[in-house]
Structures are given as C-alpha cells and as structure tokens.
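Enquirer: Return atomic coordinates for the entry below.
(one chain, ligands or ions: 2)
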Amino acid sequence: MTKIVIIGGGPAGYEAALAAASYGADITVVDSDGMGGACVLWDCVPSKTFIASAGIRTEVRRAVDLGINLKYDGALVSLPQIHERVRDLAFAQSSDIRSRLLTEGVRIIHGRGRLTEPEAGFAARHRVVATPFELDGADGPEEILEADVVLVATGASPRVVPGAEPDGERILNWRQMYDLNDFPEHLVVVGSGVTGAEFVHAYTELGVQVTMVSSRDRVLPGEDEDAALVLEDVLAERGVKLVKHARADRVERTADGVIVHLADGRTVEGSHCLMTVGSVPNTSGLGLEAVGIELARGGYLQVDRVSRTAVPGIYAAGDCTGLLPLASVAAMQGRIAMYHSLGEGVTPIKLKTVASAIFTRPEIATVGVTQAAIDSGEYPARTVMLPLATNPRAKMSGLRRGFVKIFCRPATGVVIGGVVVAPNASELILPIALSVQNKLMVSDLAQTFSVYPSLSGSVTEAARQLVRHDDLD
Ligand SMILES: Cc1cc2nc3c(=O)[nH]c(=O)nc-3n(C[C@H](O)[C@H](O)[C@H](O)COP(=O)(O)OP(=O)(O)OC[C@H]3O[C@@H](n4cnc5c(N)ncnc54)[C@H](O)[C@@H]3O)c2cc1C
Ligand SMILES: NC(=O)c1ccc[n+]([C@@H]2O[C@H](COP(=O)([O-])OP(=O)(O)OC[C@H]3O[C@@H](n4cnc5c(N)ncnc54)[C@H](O)[C@@H]3O)[C@@H](O)[C@H]2O)c1
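Expert: Ligands and ions are numbered 1, 2, ... in the order given. So this is what the prediction gives:
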C-alpha cells in the first residue's frame with residue numbers, strides 16, 4: 001500500500017487526501033491550523049460569509065428603488081453577531097472536512113510537519129517529522145513518518161510591510177478583522193488587489209467610511225480593465241475615497257487612530273488600517289534543504305503541471321507553489337499530485353480554463369484568455385461586450401451596471417474566454433467556463449435555451465452576436 005504524508009490540510013492537502021483515499025492509499029495529514037486550512041478558517045470562507053451579511057444590506061439599500069421602504073439604519077447591523085456567524089461557520093466547515101477525512105480512513109495529526117533526510121539506501125522512503133500540538137498548545141513528542149510520497153501543501157500567510165506590523169487593534173490584517181467588536185469609524189485599506197477590493201466593498205456596504213490606498217492607477221490592477229472601472233464607479237458612488245499611485249511606507253498608530261505614510265510623503269488618516277498587500281508562501285522551516293529542494297523566487301516551491309518538485313516522490317500544491325492562488329486551483333493541484341504519484345492517468349493542470357470571481361457588488365467573474373492578452377495581439381480573437389442594461393431581467397431587478405464579454409477564435413468561433421460583471425457573476429460564468437473547457441463554439445452557446453427572463457440570457461445573446469459576425473466572415 002502506498003504510504004502518503006501530506007503536510008498542510010487546506011484545499012490542496014485535504015482534497016489530495018480524499019482523492020488518494022479513494023485508491024486505498026495509507027494517508028496521514030499533518031496540519032497546524034485545522035482541517036480546511038487557512039482557506040476555511042481565516043481567508044476564503046470567513047470573507048465570503050462576511051460578504052454575505054454585507055449583501056443583505058445591499059438589498060435593503062436597493063429595496064427602495066423597487067418600491068419597498070425598509071429602514072436603512074446602521075444601528076440595525078450587529079457586528080459581533082456577524083463575526084460570531086463567520087467564526088461558527090468556518091469552524092463547522094472545518095469540522096465537516098475533518099469528519100469526512102476520518103471516515104475515509106485518513107490519519108490526522110494536529111501539529112507541525114517538516115521533511116528530514118531520507119533513510120540511506122536504494123528505494124529508501126522519504127521521512128517527515130511530525131510535531132503534534134498538545135491540548136495546552138505545547139509541542140508533544142516528535143514522530144517520524146515514513147512515506148513513499150510526500151505532498152507539501154502549506155499555503156501562505158499575510159505579507160507584513162516593515163513599519164506597518166499588525167497590532168490586532170488598529171493596524172490589522174484580514175484575519176484579525178473578525179476580532180473587532182465595533183465598526184471602524186474610518187477604515188483605510190492598503191492594497192487594491194482582490195482581497196482589498198472585497199473588504200472595501202463589504203465595509204462600505206455595512207456603512208463604514210472607507211479610504212482605499214492603491215499603489216497603481218486603479219483598483220484590481222491585474223483584472224479586466226472594463227470590470228475594474230465598473231467597480232471603481234460603484235465604490236466612488238458609495239463614497240469610497242481612492243488614493244491612487246500611493247505606496248504605503250509605514251503606518252503610525254496615534255492615540256485614537258492611524259496615519260498611513262505614503263512613499264511620496266502624502267499621508268492618509270483613519271481610525272483603523274487594514275493591510276491587504278498580498279501573501280508570502282509558508283515554506284520556511286520545512287526542511288526542504290535536507291531533501292535538496294531549492295526555493296524559487298519569492299520563496300515558492302517550484303512544480304511542474306503535475307505538481308512534481310525536483311525531487312522524485314515529493315510533490316507540492318496550492319498557495320505554497322504560487323501557481324494561481326485560488327482554492328479551486330490548490331484542490332486540483334493536490335488531486336493531480338495524488339493521481340500522478342499513484343500511477344493513475346492524469347491531465348496536467350491548465351490555467352487557461354480556471355474560472356474565478358471577485359465577490360464585490362457587482363461580482364466580477366472571469367475565465368480563459370483575457371482582454372489584455374487579446375488587445376496586445378497575443379491571442380487573435382473576436383470579442384463582444386454586452387451591457388446588462390439591455391437585459392429585461394436586469395431592468396426588472398433595477399440593475400444599472402454590469403456586462404457580459406465573450407471572446408472566441410476568429411475562424412472557428414471556439415470560445416476562449418469571457419468576463420461577467422453582475423450581482424451573481426460567480427454563477428453566471430459557468431456556461432462560458434464550460435465552453436472554454438470543452439472547446440465549444442459560440443454557436444453552441446447561442447443555440448442553448450436560456451430561461452426568459454434571466455441574466456443568463458445575456459450570455460446566450462452575447463454568443464449570438466458573435467455568431468452573427470461569423471456569418472459575415
Ligand atoms: C481573504 C482571502 C479570500 C479568498 N477568497 C477566495 C475565494 O473566494 N475563492 C478562491 O478560490 N480562493 C480564495 N482565496 C484563496 C484561497 O484561500 C487559497 O488559494 C487557498 O487557501 C489555498 O489553499 P492551500 O491548501 O494551498 O493553503 P491553505 O488554505 O493556506 O492551507 C495550508 C495549511 O497548511 C498548514 N501548514 C502550514 N505549514 C505547516 C507545517 N509546517 N506543518 C503542518 N501544517 C502546516 C496551515 O496552517 C494551513 O492549515 C482567498 C484568499 C484570501 C487571502
Ligand atoms: N475571490 C477570490 O477568489 C479571492 C479573494 C481574495 C484573494 N484571492 C486570491 O489571492 C490572491 C492574492 O490577492 P491579494 O489581493 O491578497 O494580493 P495581491 O498581491 O494580488 O494584491 C496586493 C496589492 O497590494 C499592493 N501593495 C503591495 N504593497 C503595497 C504597499 N506598501 N502600499 C500599497 N499597496 C501595496 C500590490 O501592488 C497589489 O496590487 C489573488 O490573486 C487571488 O488569487 C482570491
């Protein structure tokens with residue numbers, strides 16, 4: 001029986017364990033936080049749960065436009081109750097994952113794992129040192145685990161800017177926000193990536209005054225520009241102040257707030273500062289040097305498309321590899337590692353088919369080739385951008401903004417990418433993702449019945465517009 005040791009119990013680690021369990025492997029997962037990892041306990045799941053509460057307030061705010069006059073009053077929002085729900089849901093999700101793994105026969109060690117020198121000799125197994133945590137938090141006695149296959153899936157942690165170290169009270173990272181008992185009077189969010197944008201949106205919707213410090217000339221610098229501009233408009237309308245071309249140098253704590261000092265000498269004042277300046281991989285102290293693995297730039301573990309490191313039998317998956325820091329990608333990398341190590345047929349990971357979403361209001365969802373890659377000439381494509389304002393369902397729901405974009409190959413009409421900006425874009429992207437994954441043509445999408453009236457009608461209508469172009473070719 002193949003012995004597998006997985007270090008890290010996030011989506012990369014636990015999905016790998018579930019995949020390997022179905023092949024009857026002997027699996028041990030060593031994890032220091034709890035099953036589900038940072039994804040479930042501190043990052044993805046808590047933030048989306050928090051945003052779900054903010055979404056209710058969005059509906060209350062919008063209700064008046066649809067003839068329902070609900071009282072829109074900050075006093076109605078209970079931050080402690082929202083935070084309790086966030087924590088309860090995250091721990092319940094973690095506990096569900098733990099139960100599932102135990103049912104599948106996976107051994108779980110709550111503790112720290114690191115690699116150590118393998119035994120000498122031909123076909124010697126790898127060795128992982130597990131240091132279990134005792135109930136009082138102290139280290140328990142070490143255990144050496146022998147393994148035919150090791151998967152490193154240790155994730156990443158919030159990046160700390162020297163001079164802006166989080167204190168958990170006024171200067172916070174996103175994991176500490178759920179400890180606040182009262183809303184900040186004025187939240188300064190440093191960093192305008194996906195994490196920053198999602199928190200700016202949520203706090204603004206919950207009635208907090210927010211200033212966003214962006215090192216670039218817009219929010220979401222890595223995302224579709226048209227989508228980012230829609231979000232910028234929405235945030236401006238909601239009263240968010242965006243400070244552009246602003247790199248935070250340090251954050252000073254004052255008697256009753258914070259002063260963010262920017263590299264160009266400007267300052268931004270607020271009551272609290274949330275640092276969303278990216279993450280660093282958890283790859284130190286893993287004993288990688290003992291097995292001859294060198295870290296790549298940024299401290300990431302370098303892997304190929306089937307999650308192999310340079311050392312046979314040692315695989316890596318998820319945020320510690322820096323491939324594409326998404327839960328869905330981490331899980332896929334983890335499963336692929338297991339299939340490959342167990343000698344099963346495996347398709348190397350393809351990032352061009354990954355769908356992802358930003359959970360702002362409206363949501364921004366993307367898949368496949370980007371508009372920027374098309375505009376730069378990297379990919380020849382025909383494109384269409386259909387504003388949601390033309391959609392009957394959008395009109396009925398009082399939606400003013402948003403669009404559907406579809407990109408296809410010029411000659412064949414095969415769908416190669418798309419963007420949806422809509423309140424539920426994370427759901428609406430699926431037909432486009434399905435088309436990209438399965439190389440469907442715009443005519444396939446166009447001929448599919450969508451419900452009338454529905455926002456997904458804009459997906460099929462956008463495809464129809466590209467088919468019409470086909471006819472003229
Ligand atoms: C605020 C935020 C929101 C996000 N929202 C989304 C989203 O909506 N959708 C999405 O797809 N992605 C989202 N992501 C990204 C997603 O959370 C990550 O891509 C995902 O967590 C990566 O999973 P992982 O298994 O690689 O690592 P993690 O989830 O970080 O898990 C790694 C685990 O390994 C443990 N570990 C580390 N070192 C050791 C060690 N030496 N020994 C034992 N255990 C160890 C850690 O404690 C942790 O439990 C979000 C990220 C952030 C920051
Ligand atoms: N909904 C989702 O799926 C979701 C949500 C959050 C995060 N994520 C994943 O996590 C990844 C990382 O996102 P992120 O937003 O945490 O990090 P990021 O690295 O993408 O963005 C951080 C931003 O902070 C800026 N920055 C860095 N130092 C700064 C400074 N001193 N002053 C001002 N700005 C500074 C950077 O230029 C960058 O634009 C995403 O690419 C995504 O894959 C996904």
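Enquirer: can we go C-alpha only for contacts and neighbour counts from here?
Expert: OK.
Enquirer: From ligand 1, how far off is Arg100?
Expert: Separation of Arg100 from ligand 1 (Cα to the nearest ligand atom, to the nearest Å): 16 Å.
Enquirer: Tell me if I am right that that residue is in a strand.
Expert: No. Membership of Arg100 in a strand is not supported by DSSP: H, G, I helix; E, B strand; the rest coil, which gives helix.
Enquirer: So what's the residue count around it?
Expert: For Arg100, the count of nearby residues is 14 (other Cα atoms under 10 Å).
Enquirer: quick check, the strand ranked longest in the chain touching ligand 1?
Expert: The longest strand of the chain (DSSP state E) is strand 107-116. Yes. Using Cα under 6 Å from any ligand atom, strand 107-116 reaches ligand 1 at 111-114.
Enquirer: Run the angle between whatever helix or strand comes next after that strand and strand 107-116 for me.
Expert: Using DSSP states H and E, the next helix or strand after strand 107-116 towards the C-terminus is strand 126-132. If you take axes from the mean of the first three to the mean of the last three Cα atoms, to 10 degrees, strand 126-132 sits at 120 degrees to strand 107-116.
Enquirer: Sheet partners, orientation included, of the helix or strand that strand 126-132 is followed by?
Expert: Along the chain past strand 126-132, the next helix or strand (assigned with DSSP H and E) turns out to be strand 143-147. Within its sheet, and counting by DSSP bridges, strand 143-147 is paired with strand 126-132 (antiparallel).
Enquirer: Which parts of this protein are helices?
Expert: 11-21, 37-41, 44-63, 79-103, 194-205, 225-237, 288-291, 327-341, 371-375, 392-396, 425-428, 430-437, 442-446, 457-472 (DSSP state H).
Enquirer: Show me what the longest one packs onto, helices and strands only.
Expert: It stands for helix 79-103. If contacts are counted by 3 or more Cα pairs under 8 Å, 6 or more residues apart in numbering; DSSP states H and E, helix 79-103 sits against helix 11-21, helix 37-41, helix 44-63.
Enquirer: Give me the mean pLDDT for the second one.
Expert: The average pLDDT within helix 37-41 is 98.
Enquirer: re the thing from before, just so I know, which of the helices of the chain lies nearest Lys405?
Expert: helix 457-472 (7.1 Å; Cα to Cα).
Enquirer: and the residue sitting nearest the centre point of the chain, what does it touch?
Expert: Centroid-nearest residue in the chain: Leu326, 4.3 Å away (criterion: Cα atoms, centre = their mean). Applying Cα atoms under 8 Å, 6 or more residues apart in numbering to Leu326 gives the contacts 318-319, 356.
Enquirer: Check those for burial and list the buried ones.
Expert: Neighbour counting with 16 or more other Cα atoms under 10 Å marks 318-319, 356 as buried within those.
Enquirer: May I ask you to confirm that Val243 is in contact with Thr211?
Expert: Yes. In this structure Val243 lies within contact range of Thr211 using Cα atoms under 8 Å: 7.3 Å.
Enquirer: Now do the domain split for this protein, please.
Expert: According to the TED database, the chain comprises the domains 3-42+81-157+280-349, 171-277, 352-467.
Enquirer: Export the ones you listed to CSV and append columns for distance to ligand 2.
Expert: Listed next are the domains of the chain as CSV, based on distance: least, Cα to the nearest ligand atom, whole Å:
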stretch, distance to ligand 2
domain 3-42+81-157+280-349, 4
domain 171-277, 4
domain 352-467, 4
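Enquirer: Quick check: pLDDT value at the residue in the chain sticking out farthest from the centre.
Expert: Most distant from the centre of the chain: Gly121, at 42.1 Å, with distances by Cα atoms, centre = their mean. Looking at Gly121, its pLDDT reads 71.
Enquirer: ok, it to ligand 1 distance?
Expert: Taken as Cα to the nearest ligand atom, the span from Gly121 to ligand 1 is 26 Å.
Enquirer: separation between that residue and Thr2?
Expert: 19 Å (Cα to Cα, to the nearest Å).
Enquirer: buried set for stretch 243-263?
Expert: For stretch 243-263, by 16+ other Cα under 10 Å, it's 243, 246-253, 257-262.
Enquirer: still on that earlier bit, same list, the residues of strand 107-116 next to ligand 1, but as TSV with neighbour count and pLDDT please.
Expert: Converted to TSV, those look like this (neighbours: other Cα atoms under 10 Å; pLDDT from 0 to 100):
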residue	neighbour count	pLDDT
Gly111	23	98
Arg112	21	98
Gly113	29	98
Arg114	20	98
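Enquirer: Taking these together, which two end up most distant?
Expert: Gly111 and Arg114 (10.3 Å).
Enquirer: Show me whatever sits in contact with both of those two.
Expert: By Cα under 8 Å, 6+ apart, the residues touching both Gly111 and Arg114 are Ala130.
Enquirer: now the strands for the stretch 251-400 of the chain?
Expert: Applying DSSP state E, counting those that start in this stretch to the stretch 251-400 of the chain gives strands spanning 258-262, 267-270, 272-275, 279-281, 314-316, 355-358, 363-368, 382-387.
Enquirer: Adding distance to Leu172 and mean pLDDT, write those out as TSV.
Expert: Converted to TSV, the strands of the stretch 251-400 of the chain look like this (distance: least, Cα to Cα, whole Å; pLDDT from 0 to 100):
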stretch	distance to Leu172	mean pLDDT
strand 258-262	11	98
strand 267-270	13	98
strand 272-275	5	98
strand 279-281	14	98
strand 314-316	30	98
strand 355-358	21	98
strand 363-368	25	98
strand 382-387	38	98
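Enquirer: can you put these in JSON lines and add distance to ligand 1?
Expert: Shown next, in JSON lines, are the strands of the stretch 251-400 of the chain (distance: least, Cα to the nearest ligand atom, whole Å):
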{"stretch": "strand 258-262", "distance to ligand 1": "21"}
{"stretch": "strand 267-270", "distance to ligand 1": "21"}
{"stretch": "strand 272-275", "distance to ligand 1": "11"}
{"stretch": "strand 279-281", "distance to ligand 1": "7"}
{"stretch": "strand 314-316", "distance to ligand 1": "9"}
{"stretch": "strand 355-358", "distance to ligand 1": "7"}
{"stretch": "strand 363-368", "distance to ligand 1": "11"}
{"stretch": "strand 382-387", "distance to ligand 1": "25"}
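Enquirer: before we move on, back to that, may I see the helices and strands packed on helix 79-103 organised as JSON lines, with mean neighbour count added?
Expert: Shown next, in JSON lines, are the helices and strands packed on helix 79-103 (neighbours: other Cα atoms under 10 Å):
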{"stretch": "helix 11-21", "mean neighbour count": "26"}
{"stretch": "helix 37-41", "mean neighbour count": "24"}
{"stretch": "helix 44-63", "mean neighbour count": "19"}
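Enquirer: As JSON lines, those helices with distance to Val150 would be great.
Expert: Output for these, formatted as JSON lines (distance: least, Cα to Cα, whole Å):
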{"stretch": "helix 11-21", "distance to Val150": "11"}
{"stretch": "helix 37-41", "distance to Val150": "18"}
{"stretch": "helix 44-63", "distance to Val150": "25"}
